[in-house]
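Novice: What follows is a protein structure lacking sequence information:
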């Protein structure tokens, strides 16, 4: 019987990112000012807003928050973020908005030096999208090799997280993307990214993959625990980072990027 899956703690990485931010702020000699805007009222974005504001308090980043109506026309939102991006008292602009908006247009309106979401994709852009930056930090922190490894994306459309897939491709990984968890692949992946709950990952993949990464929001994607804190299904895969998924890292990407933008 295979050993129970192990959960790799994300806490040391969060501490590392926090210390990087604090050190950058100490070098800067002042608190960076982040303008955080949210124009979407769905629970995931509201939760992320609270986490970002908490990370700002935790690291010493000054956060100026504004809630905008979720029905704003795109051109109105573009004008609003452009005006804030032009404000010299603001070092960085973070934006939580619905997927229907043109993110590259919004990033350009903010300006590539202050667009810490990484929406502005020009050759001189300073930041990766926060999600992709968080995954890169996780791979580096746990020293997960990608070169020559086969990586499976489950429950993804071809268009989702194309930048992350590009990053992994640059790192030498061989990628396979599936929009659902079936049929099972005809190879044994070294690393599995799942956008759905772990319960939807075929048991054979959980037991064969070296690492399984949950990228779901909040508690979505957490495994079932036994009374002694173990995982109910006995599999050999290492699951990281759970609970919270990649989203537990993103708030500290915001604060680190805000500090870097202020330099």
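Specialist: Noted; the coordinates are in hand. These numbers were taken from a predicted model, which means no experiment stands behind them.
Novice: ok, residues contacting stretch 137-150?
Specialist: Here stretch 137-150 makes contact (Cβ atoms under 8 Å, 6 or more residues apart in numbering) with 8, 10, 12-13, 16-17, 168, 171-174, 176, 187-191, 211, 213, 240-241, 246, 249, 253. To be clear about C-beta, it is placed using only N, CA and C from the backbone, and glycine gets the same treatment.
Novice: Name the residues of it that are buried.
Specialist: Within stretch 137-150, the residues that qualify as buried are 137, 138, 139, 141, 142, 144, 146, 149, 150, counting by 16 or more other Cβ atoms under 10 Å.
Novice: any idea which of the residues you listed is the one closest to residue 259?
Specialist: Checking these against residue 259 by Cβ to Cβ gives residue 137 as the nearest, at 14.8 Å.
Novice: where does the closest one fall, phi/psi-wise?
Specialist: phi -60, psi -40 (degrees, to the nearest 10).
Novice: ranges for the helices of the stretch 1-150 of the chain?
Specialist: For the stretch 1-150 of the chain, the helices defined by DSSP state H, counting those that start in this stretch occupy 11-28, 43-59, 74-85, 103-110, 130-141.
Novice: picking that back up, list buried residues within the contacts of stretch 137-150.
Specialist: Buried among these by 16+ other Cβ under 10 Å: 8, 10, 13, 17, 168, 171, 173-174, 189-191, 211, 213, 240-241, 246, 249, 253.
Novice: quick one, phi psi at the residue lying closest to residue 28 once chain neighbours are set aside?
Specialist: Leaving out its chain neighbours, the residue that sits closest to residue 28 by Cβ to Cβ, 6 or more residues apart in numbering is residue 262, at 5.7 Å. As for residue 262, its main-chain torsions (degrees, to the nearest 10) stand at phi -80, psi -10.
Novice: right, and residue 262 touches residue 90 too?
Specialist: No: at 9.7 Å, residue 262 and residue 90 do not qualify as touching, with contact defined as Cβ atoms under 8 Å.
Novice: so what sits against both of these two?
Specialist: Shared contacts of residue 262 and residue 90, defined by Cβ under 8 Å, 6+ apart, are found at residue 33.
Novice: now the end-to-end length of stretch 80-99.
Specialist: With Cα to Cα, to the nearest Å as the measure, stretch 80-99 spans 18 Å from end to end.
Novice: so who does residue 204 touch?
Specialist: residue 184.
Novice: nope, residue 83 is what I was after
Specialist: By Cβ under 8 Å, 6+ apart, no residues touch residue 83.
Novice: The closest residue in space to residue 64 that isn't next to it in sequence and residue 66: what is the separation?
Specialist: For residue 64, ignoring the flanking residues on the chain, the nearest one in space by Cβ to Cβ, 6+ apart is residue 35 at 5.0 Å. With distances taken as Cβ to Cβ, to the nearest Å, residue 35 is found 7 Å from residue 66.
Novice: which of those two has more neighbours?
Specialist: Taking neighbours as other Cβ atoms under 10 Å, residue 35 and residue 66 compare with residue 35 leading, 24 against 11.
Novice: Would you agree that one is in contact with residue 94?
Specialist: Yes: with contact defined as Cβ under 8 Å, residue 35 reaches residue 94; the gap is 7.1 Å.
Novice: sorry, back to before: helices - which of the contacts of stretch 137-150 land there?
Specialist: Those of the contacts of stretch 137-150 mapping onto helices are 12, 13, 16, 17, 168, 253, per DSSP state H.
Novice: Next one: the nearest residue to residue 187 once chain neighbours are set aside relative to residue 180, how far apart?
Specialist: Leaving aside its chain neighbours, residue 187 sits nearest to residue 150 (5.8 Å; criterion: Cβ to Cβ, 6+ apart). According to Cβ to Cβ, residue 150 stands 19 Å off from residue 180.
Novice: again, but for residue 114
Specialist: According to Cβ to Cβ, residue 114 stands 39 Å off from residue 180.
Novice: Next: residue 171.
Specialist: Computed with Cβ to Cβ, the distance linking residue 171 and residue 180 is 26 Å.
Novice: Thought residue 34 was touching residue 64, still the case?
Specialist: Yes: under the criterion of Cβ under 8 Å, residue 64 makes contact with residue 34 at 6.9 Å.
Novice: This completes my enquiry, with thanks.
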